[in-house]
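A.B. asks: Got a predicted structure here, sequence first:
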Amino acid sequence: MGAGILLGCIADDFTGASDLANNLVRAGMRVVQTIGVPEGPLSVEVDAVVVALKSRTIAPEQAVAQSLEALAWLQAQGARQIYFKYCSTFDSTPQGNIGPVTEALMDALGCDFTIATPAFPDNGRTVFKGYLFAGDVLLSESGMQNHPLTPMTDPNLVRVLQAQTRRKVGLIDYRAVSQGADAVRARIAELREQGVGMAIVDAVSNEDLLRMGPALKELPLLTAGSGVAIGLPANFGVAPSPQASRLPPAGGLQAVVSGSCSLATNRQVLDFIKSGRPALAIDPLRISAGVDVAAEALAWAEPLLESGPVLVYATADPAAVKAVQGQLGVEEAGAMVERCIAAIARGLVQRGVRQLVVAGGETSGACVQALSIAQLQIGPQIDPGVPWCHAQSVASGGEGLHLTLKSGNFGSDDFFTKSFKMLQA
Ligand code: ADP
């Protein structure tokens, strides 16, 4: 029996959970991501678990309840430190959910102080004097001010978080962070004296995140984007190692399904077609006309799979998507295409596909559900933020399945072909 996990993480959405898991693996931890709170203990021995919730925009009471349930499970696995992961643009409203969830976790853990920082400079998220920048502009000028669910109109995170919590919010600013861990520890002691319960932390380079790492060792709870994770494994004596991302050997047939209409995905679809591999486009209007498009796609794919990867895609350019949405409605079109692609993914796995690339964040959620996947072991990174994973699926009849879930604008143009080459290497 292992001694239990080192780091227990609670993520407020699915792709954010993968992003965090990927950072931890790169820093040397063996990581499993679970879809929701697992019902029993883990089947593999790992250093960290990321429980993926969908709690970013639900009612605060529900987000709190789910997060506490995740906490209880992580504690039962022996987690020595808890990490609450949210979006690198601090997506939230004055009602929450970052403040209420943090507060509830602090109460449950009996801790009087924690940090909060979405900084991840290598990905263009920096915090200076408590102000969050996305790329070269303030959060409130980044487009996030118009987000449909969590409009971010104030770039000052001390103010933003203070509006969501009864605890006093403070700042560990760049002066302390640039001087290193001892200065951060001293600043934490000072803030505690002042009755501050949560502090936003500045970071303008990834070195800042690594520098502050040792100062975070004693805190029972950390709250952050995925960036802070790069400095944590060292606190547990864990160093980067290829062992961390090792997955069981890959076998079986190969396929790509894509429901993402992002620019990068459009380029990836074109690149795959140009490479000469077979590709089939899904027409949403035929799905809505009642044609069994999934069955058609599976019949098309079946004889081709033996000779290499195939692609089934709904990916289309913005004008085509608009036209479909105009006829079917935005949500209806989206949900219908997601269901169809998920059914195709399941059918492909039932037909022997054991290496599956899925493109699209929402599409990935639908596919993971259709494949009844509860846990993903995180493997090597294909492109920044996108790792290969290994999972057990009911559809693969007890055999393991290699899976990568690529959201929106991630990945190079040749992503759909190079992913498979990487698994064979
Ligand atoms: P991304 O990660 O690129 O945002 P998602 O899968 O999250 O991708 O979202 C894409 C959405 O667009 C999904 O709901 C998908 O079903 C929908 N969609 C895909 N293709 C089409 C299409 N041709 N017309 C309309 N909607 C589509």
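C.D. replies: The structure has been received and is ready for your questions. Predicted model, so just to flag it, every value in this text is computed and none were measured.

A.B. asks: Next one, pLDDT for M1 please.
C.D. replies: With respect to pLDDT, M1 scores 40.

A.B. asks: Correction: the previous question concerned G96.
C.D. replies: So G96 comes in at 91 (pLDDT).

A.B. asks: For it, which non-adjacent residue is closest in space?
C.D. replies: Spatially, and ignoring its direct neighbours in sequence, G96 is nearest to P60 (3.9 Å; C-beta to C-beta, 6 or more residues apart in numbering). Where you see a C-beta, it was placed from the backbone N, CA and C, and this is true even at glycine.

A.B. asks: Hmm, N97 and the one you found touching each other?
C.D. replies: Yes: applying C-beta atoms under 8 Å, one finds P60 in contact with N97, separated by 5.3 Å.

A.B. asks: Which of the two has more residues huddled nearby?
C.D. replies: The residue with more neighbours, out of P60 and N97, is N97; 28 against 20, by other C-beta atoms under 10 Å.

A.B. asks: need the strands for the stretch 151-300 of the chain, in chain order.
C.D. replies: All strands of the stretch 151-300 of the chain, identified by DSSP state E, counting those that start in this stretch, fall at 168-172, 196-201, 221-224, 253-258, 279-281.

A.B. asks: Provide the strand pairings for the third one, with the direction of each partner.
C.D. replies: Partner strands for strand 221-224, per DSSP bridges, with pairing direction: strand 81-85 (parallel), strand 114-117 (parallel).

A.B. asks: Report the mean per-residue pLDDT for that strand.
C.D. replies: The average pLDDT for strand 221-224 rounds to 98.

A.B. asks: Check the offset of it from the chain's centre.
C.D. replies: Computed by C-alpha atoms, centre = their mean, to the nearest Å, the chain-centroid distance of strand 221-224 equals 16 Å.

A.B. asks: cool, and the last one?
C.D. replies: Strand 279-281 has its average C-alpha position 28 Å from the chain's average C-alpha position, going by C-alpha atoms, centre = their mean.

A.B. asks: Residue of the protein nearest the ligand, please.
C.D. replies: For the chain, the residue closest to the ligand is G360, as judged by C-beta to the nearest ligand atom, at 2.5 Å.

A.B. asks: number of nearby residues for that residue?
C.D. replies: 27.

A.B. asks: The residue nearest to it when sequence neighbours are not counted: what's it in contact with?
C.D. replies: Nearest non-adjacent residue to G360, counting by C-beta to C-beta, 6+ apart: S260, 3.4 Å away. Counting by C-beta atoms under 8 Å, 6 or more residues apart in numbering, S260 touches 315, 359-361, 363, 406-408.

A.B. asks: can you put these in TSV and add secondary structure and pLDDT?
C.D. replies: Shown next, in TSV, are these (DSSP: H, G, I helix; E, B strand; the rest coil; pLDDT from 0 to 100):
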residue	secondary structure	pLDDT
T315	coil	96
A359	strand	96
G360	coil	92
G361	helix	87
T363	helix	93
K406	strand	90
S407	coil	83
G408	coil	80
